[in-house]
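> Any chance you can model this:
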Amino acid sequence: MTSFRMILAAAVAGSLVAAPAFAKPKKPVGPAPIPAVRDTDWVAVDPDNLLVIDTTRGRIVAELYPALAPLTVERIKILARQHFFDGQTFFRVIDQFMAQTGDPTNTGTGGSTLPDLAAEFTFRRTPSFDFLPMTVEHGETTGFHGAMPVGSQSDTLMSLSAAGAVNGWGMFCPGVLGMARAEKPDSANSQFFIIRQTSSSIDQRYTAFGRVLQGLEFVRLIKVGEPVTPPQDKMTRVRLGSDLPPGETVAISRLDVKSPNFTATSAVTKDRKGPDFTVCDVDIPVKDLAAK
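All right, here's what the predicted structure looks like:
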């Protein structure tokens, strides 16, 4: 009679022969390499849309966006060319919000002699509008027009619109410039503010017309107060890049938001932030072409 020990030994031997070989565990796949920035990935900013604000804290350079707010941008250009802003103070500065200026009376009630502006809280976005979408949520799309963070109604609604257009608006992320106003929507004149920290609660309630490309750290150094106690920080000189005298050229390029490098780096930021991600979390690299 075959013993139980022999049957068990045979079964074990058979299982060792029949068992398939196990595959070696695969190494975890890391993130895809981020493409290098190419020379062709940089976009030169039109000097006629560069607002160069010299302040007692340092130089702030912002890009203006007439596609979002043409009347407002034209007003800022007119006043800059009149040297209207030179010497004006930052009279109201809230730490986690914004720094306000542009009032020759330094009281918050003054303005220029030009008529008040119509509100440009939103603009009409068409299929041809230069726009890079990044998020779609609750029927709204957010993304970039150049370096400007933009919110918009969805493309689906655009296809249903008789005019083939939907409302878009500048988003008040850090560095965005907006027009101050009184209670009435059409009361902006010369006063403007620069956002210090994300302030989405005022989206579509104020006109957004530009964004700081260089010098946001100086915006955040401006003395805080409501009103600011003396001595107040001030704008010593405000000029368009195209109006600077010879030898003071300001030439800036920003990374094309449609470049492979930007796509990859913003995807990493989006993955890291998870459900809390907004376009305000994305930095736009800039390059100073005039730097020695």
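> where does the nearest residue to F84 once chain neighbours are set aside fall, phi/psi-wise?
Residue nearest to F84 in three dimensions, not counting chain neighbours: S112, with 6.1 Å by Cβ to Cβ, 6 or more residues apart in numbering. Using the backbone N, CA and C atoms, a C-beta is placed for each residue, glycine as well. Its backbone dihedrals place S112 at phi -90, psi 180, with angles given as degrees, to the nearest 10.
> So the residue nearest to P66 when sequence neighbours are not counted: helix, strand or coil?
When the adjacent residues along the chain are set aside, P66 lies closest to V73, with 4.3 Å between them (Cβ to Cβ, 6+ apart). Look at V73: counting by DSSP: H, G, I helix; E, B strand; the rest coil, its state is helix.
> Which parts of this structure are helices?
In chain order, the chain shows helices spanning 4-18, 70-81, 155-160, 216-219, 260-273, with DSSP state H as the criterion.
> Show me the one of the ones you listed that comes nearest V286.
Go through the helices of the chain one by one with Cβ to Cβ and the one that ends up closest to V286 is helix 216-219, at 10.7 Å.
> just to revisit the earlier point, tell me how many other residues crowd the residue nearest to P66.
Applying other Cβ atoms under 10 Å, we find 21 residues neighbouring V73.
> Who are the contact partners of the residue nearest to F84?
When the contact criterion is Cβ atoms under 8 Å, 6 or more residues apart in numbering, the partners of S112 are 79, 84, 104, 189-190.
> just to revisit the earlier point, my guess is the residue nearest to P66 contacts A62. True?
No: assessed by Cβ atoms under 8 Å, V73 is found out of contact with A62, at 10.9 Å.
> Can you pull the residues that touch both of the two?
Taking Cβ under 8 Å, 6+ apart as the contact criterion, the residues that touch both V73 and A62 are G210.
> Pick out the shakiest of the helices of the chain, pLDDT-wise.
Between the helices of the chain, the one with the least mean pLDDT is helix 4-18; it has a mean of 42.
> Most neighbours among the contacts of S112, which one?
For those, the largest number of neighbours (other Cβ under 10 Å) sits with S190, at 24 neighbours.
> Look up the pLDDT of that residue for me, please.
Model confidence at S190 (pLDDT) stands at 98.
> again, but for P33
Predicted confidence (pLDDT) for P33: 84.
> Same check on P20?
The predicted structure lists P20 with a pLDDT of 51.
> can you start the count at 279 instead of 1 from here on
In the new numbering, first residue 279, that becomes P298.
> ok so, going back, so who does the residue nearest to P344 touch?
The neighbourhood of V351, defined by Cβ under 8 Å, 6+ apart, consists of 327, 342-344, 487-488.
> let's go with 7 Å and repeat that
Contacts were defined as Cβ atoms under 7 Å, 6 or more residues apart in numbering; by that measure V351 touches 342-344, 487.
> Show me what F422 is bridged to.
Bridge pairing for F422 (DSSP bridges) gives the partners L410, P427.
> I meant Q492, not that one.
V339.
> Quick check: the gap between K565 and W320.
For K565, the distance to W320 equals 6 Å [Cβ to Cβ, to the nearest Å].
> Now do the shared contacts for these two.
Shared between the contact lists of K565 and W320 (criterion: Cβ under 7 Å, 6+ apart) are residues S531.
> possible to save the contacts of S390 as TSV with distance to S406?
Written out in TSV, the entries for the contacts of S390 read as follows (distance: Cβ to Cβ, whole Å):
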residue	distance to S406
L357	31
F362	34
P382	40
N467	32
S468	32
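> and which of these is nearest P538?
Proximity of the contacts of S390 to P538 (Cβ to Cβ) peaks at L357, which lies at 39.6 Å.
> so who does the closest one touch?
When the contact criterion is Cβ under 7 Å, 6+ apart, the partners of L357 are 363, 390, 468.
> which residues does the last one contact?
Just to be clear, that refers to S468. Under the criterion of Cβ under 7 Å, 6+ apart, the contact list for S468 reads 357, 362, 380, 389-390.
> give me that answer again for 10 Å
Listed by Cβ atoms under 10 Å, 6 or more residues apart in numbering, the contact set of S468 reads 353-354, 356-357, 362-363, 366, 379-382, 388-392, 394-395, 457-458.
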